Each structure stands twice: as structure tokens, then as C-alpha cells.
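Engineer: what follows is a predicted protein model with its sequence.
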Amino acid sequence: MLKSNRTFIAIAAVSLMLTACYERKEEAEKTAKPAAAFLPSKITTYPAVIEPITESIRLTGQIEYNPNQVVRYASLVTGVITKSYISLGDRVRKGQVLAEMRSAELSELNAQGRVLETQLKVAERKLASTKSMFEDRIASEKDLVEAQSETEILKSEIEKIKSNLSLYNASSEKGVFQIKAPVSGYVVENNMSGGTQISNTEPNLFTISDLSEVWVTTNVYAVDLPFVQTGMKAVIKSKAYPEDFFEGTISDISQVFDPQERVLKARIRMQNKSLKLKPGLMIEAVVKKNSGEVAVGVPAVAMIFYNNENYLLIQKPDNTLEPRKVTVDVKDNDRLFFKSGIAAGEKVVINNQLLLFSEVLSQEN
């Protein structure tokens, strides 16, 4: 019996020793647990850099035609449109037939032009004859001058008629004339259709504009005037294309306030090869005001808000991640600026940072 008790006591003692050893080992492992390292290939970082502190100024405005690339066509004669070959928004080429019309005035001009051409041939023969006689001292200088003057007058009249007919071509159908595009571009206004009566007092028949370059006209309020200058870069955004942005440069700022809106107008010339910037489209232009100071800047997307405090997730040289509480000195649109708390060159995580932040916190706990 005594022997059994001694055996039991020995087994119990060994068990207690093993349990104590296991607990100490587990506690030691927990205490000495290293920070987890993350593979760089799974993390996107941005190096913090020292840069000028900027502040965004938002200007409202709209897209407008470049007036130097707009042709508004108004008829110089009366008549009736018999056929129209264009619709609003069509792209046309210079010289392309846009419509056909009947016009008594054009028919009369055409006939008058043919008469003048005949008269010019007669006048040129007379001038040649008069020159010959003048050289032989048969005709006087007065006769020569009169012959030259008659020829020049006829040429001038013919040029005037040709100019009036320059955008009209006689078609195969008698009395019908073709209206041709004066330039290449897009039809941005069209008031022509079959049967339309036209006259030289009517508004534009059509308007063609080359939309490869447009103007952005923005409103500059008095409070922003000291900070908006020609030559400044501007980023153009529109609700029509929420995922896109367009870059341009302020080329002109008006010197007189608009009497109705009480603003100055700033103009930004924009290349528009994609044709997304359509005249009349409302936009927002963002320009950067430089404060004259510098600080450490990182993308605003790197910020993590946790327990009412701001954090950045810093990737250390050994690929471990450090959650660092920071105080933002200046926030500007897509940039954060810090005067302390982060050094230039430190790598800030800018993708999946919320997930990684939670994982790091769980490991620390």
C-alpha cells in the first residue's frame, strides 16, 4: 500500500513539472514572437518625399468652341433647300457637298459671270491691239489707259462673282446648286432640311467646328485671384467622365470682371483628340496654390483612420510593417503633408493597407 502511494506521488510530481515546463515554453514563445514579415511582391508602397506644400483651388466652368476653329455659314442669297445630306454631329470634309438648293439669284449670278467672261476676252483682245498701236504711235496713251482700265474692271467683277459662287457648284440638274463645306470638322449646328426657305437675312444655315482643340472657360473669384496665374497647370474633371481627368495650362485671364457673375474668366486651351470634351459640358478645373513651404508628402490614399486617430502603415527595411500614428499638417485633395512623424524615403503602404493594418494589429495582440 505504501509502495503504491509513493508511486502515485512520483507520477504526480513528474506531471506537474512537465506542465510547468510547457507553460513556461509557451509563454516564452509568445513573448519572443517576432513581427511578421510580408512579401514585398504583395505590397505596393510609395516613398515619402520632401515637396512643396500645395493647396487645391477648384474653379467651375464649361467647355467652349475654339473660336478660331469655328465657321458659321450664312447664305448670301435667297433660295430653297431641296436636299440636305448632313445631320448634327456629322464629321465633314472640306469641299464635301452638304446640301442642294434652288436659287434665282445664283442662276442670275452664274449667267452674269458667263457674260463677263465673254466681255473680258473681247477687252483683252482690244488691249493687246491698243498696246501694239501705241508702240507704233498710232494710238494715244489715253487709249491704252482706257483699254487697261476696262480689262481690270471686268476682272474685278468676275472675281466678285466667283467669290460669291465659291461655295456653290452647279449640279447636273438645271437651276440647282450644291452647298459645299468650307472647312473640315464637325457639324455643331444645322438649320437645313428639305424645303427650307433661306435668305441673306436668316441666321446660320450650319456651323462647322474642328473639335480637336477646345477652350475651357473657368470662373475665378476675387478671393482666388492672387493665386491663379497664366502658365499654371490645371486638371480638368467632369461628372460625365468620373474616372477620367484631362490636363491643360491656363493661357489667358481676363482683366475685367463679368458684370453679372462678378468673376474673372480664365481660359485653358485643351487638346481634344478623344473628343470627350464637348462644348457646353460643365467641368471643374483644379489648380495648385504653392504655399512656399515644404514638408514630407505622401498620397492621401495611404491614410488609415482607426479609433478616431490617423495612422500610416510603414514598410521597414526587413519587410515588417509598422502601424504609425501620425498628425496631418496639411491635406490637399490627393496629397497629405507632414512636418514631423515620418521621414523622407520611408515607404508607405498604399494598397490593401486596411487589411494589412488589421493583420498587424492581430499579431501584436
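Structural biologist: Yep, that arrived. Numbers count the residues shown, from 1 in each chain.
Engineer: so what's residue 328 closest to, chain neighbours aside?
Structural biologist: The shortest distance from residue 328 to any non-neighbouring residue, by CB to CB, 6 or more residues apart in numbering, is to residue 336 (5.3 Å). C-beta: built from backbone N, CA, C; applies to glycine.
Engineer: was I right about the one you found contacting residue 304?
Structural biologist: No: Residue 336 lies out of contact with residue 304 (CB atoms under 8 Å); the separation is 11.5 Å.
Engineer: who has more neighbours, those two?
Structural biologist: Just comparing residue 336 and residue 304: by other CB atoms under 10 Å the higher neighbour count belongs to residue 336, 25 against 19.
Engineer: what helices or strands is the host helix or strand of that one leaning on?
Structural biologist: Remark: residue 336 resides in strand 335-338, with elements defined by DSSP states H and E. Contacting strand 335-338 under the criterion 3 or more CB pairs under 8 Å, 6 or more residues apart in numbering; DSSP states H and E are the following elements: strand 282-299, strand 330-332.
Engineer: gap between it and the chain center?
Structural biologist: Here the centre of mass of C-alpha atoms in strand 335-338, compared against the chain's by CA atoms, centre = their mean, to the nearest Å, lies 27 Å away.
Engineer: pull up the pairing partners for it, direction included.
Structural biologist: Partner strands and pairing direction for strand 335-338 (DSSP bridges) are strand 282-299 (antiparallel), strand 330-332 (antiparallel).
Engineer: what's the first helix or strand after it?
Structural biologist: Proceeding C-terminally, strand 335-338 gives way to strand 347-349 as the next helix or strand, assigned by DSSP H and E.
Engineer: might you list the low-confidence residue ranges for the protein?
Structural biologist: Scanning the chain for pLDDT under 70 picks out 1-41, 107, 164-175, 365.
Engineer: mind splitting it into its structural domains?
Structural biologist: The chain breaks down by automatic domain parsing into domains covering 40-53+293-364, 57-67+211-291, 69-101+175-209, 104-173.
Engineer: report the distance from the second one to the chain centre.
Structural biologist: Offset of domain 57-67+211-291 from its chain centre (CA atoms, centre = their mean): 9 Å.
Engineer: do me a favour and get the end-to-end distance for it?
Structural biologist: 12 Å (CA to CA, to the nearest Å).
Engineer: turn the helices and strands packed on strand 335-338 into CSV, columns for mean neighbour count and distance to residue 222.
Structural biologist: Compiled in CSV, these are given as follows (neighbours: other CB atoms under 10 Å; distance: least, CB to CB, whole Å):
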stretch, mean neighbour count, distance to residue 222
strand 282-299, 17, 15
strand 330-332, 16, 22
